[in-house]
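Undergrad: could you work out the structure for the sequence below:
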Amino acid sequence: MPGPGARSTECKTKIELRISCCHLAKLDVTSKSDPCVQMQMKRGGGWTEIGRTERIQNSDAPNFVKPFVLDYLFEEVQTVKFRVYDLDNLTWTLDDDDFLGEMECTVAQIVSKKSLTKPLTSKRHHKSTITVVAEELSESKQVLVLSLRGHELENKDFMGKSDPFLELWRTGGGGSPLMVHRTEFIKNNLNPNWSTFEISLQTLCGGNMDGDISIRCFDYDSDGSHDLIGEFTTTTKELLSTKEFALINAKKQKKKKGYKNSGVIVVNSCTVATHHSFLDYVFGGCQVSFIVGIDFTGSNGDPRDQRSLHFMGGGHLNEYQQAISAVGQVVQDYDTDKLFPAFGFGAKVPPRHEVSHSFPINFNPRDPNCQGIYGIMAAYQNCLPQVQLWGPTNFSPIIRQVSQIAAETHRQAVPSQYQVLLILTDGAITDMDETIEAIVAASALPMSIIIIGVGRADFTNMEILDGDDGVLKSSSGRKVERDIVQFVPFREFQNPTGDRSSAEALASCVLAEVPDQLVKYFKKRGVAPKPPQQGYCEPPNPGQGNASGGQLPYPGSGGGAYPAGALPYPPN
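TA: All right, here's what the predicted structure looks like:
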């Protein structure tokens with residue numbers, strides 16, 4: 001029997017929460033709102049963001065596809081809050097978006113009812129409501145890989161042809177209909193061929209291969225008033241065995257004599273496959289390698305000036321150090337040798353004092369590795385007095401350099417390594433076109449790119465590189481193979497006290513997409529994880545991971561050590 005305070009892991013269940021809203025307030029002058037839902041959970045007296053749904057354009061009654069997944073703990077009161085916003089821009093912060101309302105409840109309230117509908121509270125006293133449907137997730141790793149196309153779809157447009165897309169629905173908890181997938185829309189095409197997609201059997205049909213699935217075909221309209229072309233009901237078992245399904249529009253069927261159908265949906269291919277998770281690859285020995293790129297351009301300010309973003313002293317870490325520590329302390333545990341290359345860009349460097357846009361901060365071109373996060377911090381501290389901050393702010397050289405490292409793994413037939421490049425910068429990119437070209441090329445390689453903006457600059461253009469709201473393309477029209485970039489401004493996670501929770505929130509946000517990006521890369525190449533390796537016993541780590549074997553010197557303290565609590569994450 002567990003002792004006092006112990007938690008039985010067998011009682012922990014993962015649940016999925018799916019969201020829909022009705023009668024949302026219209027705050028845009030010429031159109032409906034573009035809603036997105038943020039979920040928060042109460043932890044330690046404050047609220048922590050769990051995630052966000054996708055944004056749906058021009059809709060006052062959105063059904064969101066992206067669910068929230070969390071651990072359901074019977075023995076705890078899990079208080080959650082759903083906040084609905086009308087997104088007006090591409091920035092990460094929600095402070096500059098219109099607030100449509102919120103609903104607070106407990107997870108137990110949702111689970112006990114399976115489908116919970118409550119009003120959204122706001123100062124506007126609007127009649128908006130939100131519905132949350134809960135379902136338990138199974139441990140099944142089976143997914144359906146599905147490729148569909150349309151044939152001779154009914155034309156809904158007077159000028160041009162229909163812009164068709166598909167929605168997949170099933171019956172959820174409490175009998176509520178749940179939309180589980182939405183395809184892209186294809187412009188001006190009555191014979192569209194939609195992109196192949198995969199969906200877990202748990203999500204698609206609750207694991208029941210004979211459970212009903214409704215597939216609906218619409219003509220996309222930018223104002224959100226999509227026209228129904230037709231629909232049909234099937235099962236997962238039928239999708240695996242049947243090649244064609246007629247689209248039926250019930251209203252037309254009643255009115256029009258001799259009505260046959262509104263087109264046909266053809267199954268190009270349908271197979272059941274095993275979905276390998278991030279942990280499958282990690283357990284199989286795949287290493288996640290951490291690489292840092294630091295902005296040494298002149299806009300950071302003179303490092304000797306307390307207003308400089310590179311200033312070290314006063315008993316606190318600067319923003320560069322805080323970001324390196326927060327992200328690095330998480331990633332380092334997935335790399336057994338703890339050797340991390342660290343580069344700088346935008347400075348004049350010795351011995352020739354020429355501008356370099358990718359130089360090792362330990363000034364060792366043959367071995368740019370630093371031992372652990374403390375090694376990176378020590379090299380950064382040692383580098384600053386030896387370089388002259390200059391410019392411009394070019395990202396493409398360092399991305400291409402890391403791409404060369406990733407290309408070596410790309411040529412291997414086993415999932416041995418995946419690179420995570422952290423770029424820290426204080427301003428807008430000077431070589432935007434070249435950076436986009438480099439990112440598009442890198443999207444085919446085993447790597448992800450995290451960009452953290454430090455300081456108070458306007459980072460609006462940086463959002464272009466984060467492909468969450470569109471597909472990044474090179475000048476030649478080549479699209480990214482995967483979304484590999486995540487950008488966040490550091491100021492969104494700053495806390496006046498500089499406590500550990502703000503560092504955890506930063507790391508959680510920027511690293512959240514990495515596991516999925518890793519899985520998508522190896523999956524696209526058809527590389528399965530290796531069998532789980534035997535347990536690894538880490539050897540003693542002398543000197544707390546500092547390359548010099550001693551304790552990391554504290555800047556501005558005359559060579560003394562970092563004071564207790566100066567790092568957001570102290571070494572083990």
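Undergrad: pLDDT wise, what is the most centrally placed residue in the chain at?
TA: Centroid-nearest residue in the chain, with C-alpha atoms, centre = their mean: Glu513, separated by 3.4 Å. Here the pLDDT value assigned to Glu513 is 88.
Undergrad: same question for His275.
TA: For His275, pLDDT reads 84.
Undergrad: quick check: it vs Ile248, distance?
TA: 32 Å (C-beta to C-beta, to the nearest Å). (Each C-beta comes from the backbone N, C-alpha and C, glycine too.)
Undergrad: how about residues contacting the lowest-mean-pLDDT helix or strand in the chain?
TA: Counting by mean pLDDT, DSSP states H and E, the chain has its least confident helix or strand at helix 500-511, which shows a mean of 78. By C-beta atoms under 8 Å, 6 or more residues apart in numbering, the surrounding residues in contact with helix 500-511 are 44, 46, 48-49, 322-323, 325-327, 329-331, 420, 450, 452, 486, 488, 490, 493-495, 568-569.
Undergrad: that helix: what's the following helix or strand?
TA: The first helix or strand that comes after helix 500-511 along the chain, using DSSP states H and E, is helix 514-524.
Undergrad: does anything pack onto that next one? Which helices or strands?
TA: Helix 514-524 sits against helix 278-283, strand 417-425, strand 447-453, with contacts defined as 3 or more C-beta pairs under 8 Å, 6 or more residues apart in numbering; DSSP states H and E.
Undergrad: quick check: angle from that helix to strand 447-453?
TA: 150 degrees (axes from the mean of the first three to the mean of the last three C-alpha atoms, to 10 degrees).
Undergrad: what residues of helix 514-524 count as buried?
TA: Of the residues in helix 514-524, 514-515, 517-523 count as buried by neighbour count, 16 or more other C-beta atoms under 10 Å.
Undergrad: equivalent analysis for stretch 361-375, please.
TA: Within stretch 361-375, the residues that count as buried by 16+ other C-beta under 10 Å are 361-363, 368-375.
Undergrad: can you give me the strands in the stretch 51-200 of the chain?
TA: Using DSSP state E, counting those that start in this stretch, the strands of the stretch 51-200 of the chain run over residues 68-73, 79-86, 98-106, 115-119, 129-136, 142-151, 164-171, 177-182, 197-200.
Undergrad: tell me how many other residues crowd Arg411.
TA: Close neighbours of Arg411, defined as other C-beta atoms under 10 Å, add up to 6.
Undergrad: what mean pLDDT does stretch 61-80 get?
TA: For stretch 61-80, the mean pLDDT works out to 88.
Undergrad: buried sites along that stretch?
TA: Quick answer for stretch 61-80 (16+ other C-beta under 10 Å): 62-65, 67-68, 70, 72, 78-80.
Undergrad: next: stretch 109-126.
TA: Buried, per 16+ other C-beta under 10 Å, within stretch 109-126: 110-111, 115-116, 120, 126.
Undergrad: stretch 46-54 too?
TA: 50-53.
Undergrad: could you do stretch 179-196 as well?
TA: 179-183, 185-186, 190, 192, 194.
Undergrad: output the below-cut-off pLDDT ranges for this structure.
TA: Counting by pLDDT under 70, the chain shows low-confidence ranges at 1-12, 74-75, 125, 139, 173-174, 467-470, 495-501, 533-572.
Undergrad: please enumerate the helices of it.
TA: Assigned helices in the chain, in chain order: 107-113, 201-205, 236-241, 250-255, 278-283, 319-331, 372-383, 396-410, 432-442, 500-511, 514-524 (criterion: DSSP state H).
Undergrad: okay, the fifth one in PDB with CA atoms only?
TA: Translated: helix 278-283. Extracted in PDB, the C-alpha atoms of helix 278-283 (Å, rounded to 0.1, in the frame of the first residue of the first chain):
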ATOM      1  CA  PHE A 278       8.200  10.400 -29.400                       C
ATOM      2  CA  LEU A 279       9.000   8.100 -26.400                       C
ATOM      3  CA  ASP A 280       9.300   5.100 -28.700                       C
ATOM      4  CA  TYR A 281      12.100   6.800 -30.500                       C
ATOM      5  CA  VAL A 282      13.800   8.000 -27.300                       C
ATOM      6  CA  PHE A 283      13.500   4.500 -25.700                       C
END
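Undergrad: who are the packing partners of that helix?
TA: Helix 278-283 is packed against helix 514-524, with contacts defined by 3+ C-beta pairs under 8 Å, 6+ apart.
Undergrad: residues in contact with the helix it packs on?
TA: The contact list for helix 514-524 (C-beta under 8 Å, 6+ apart) reads 276-278, 281, 286, 288, 415, 418, 420, 445-446, 448, 450, 481-484, 486, 528-529.
Undergrad: could you check the angle it makes with strand 417-425?
TA: Counting by the same axes, to 10 degrees, helix 514-524 lies at 140 degrees to strand 417-425.
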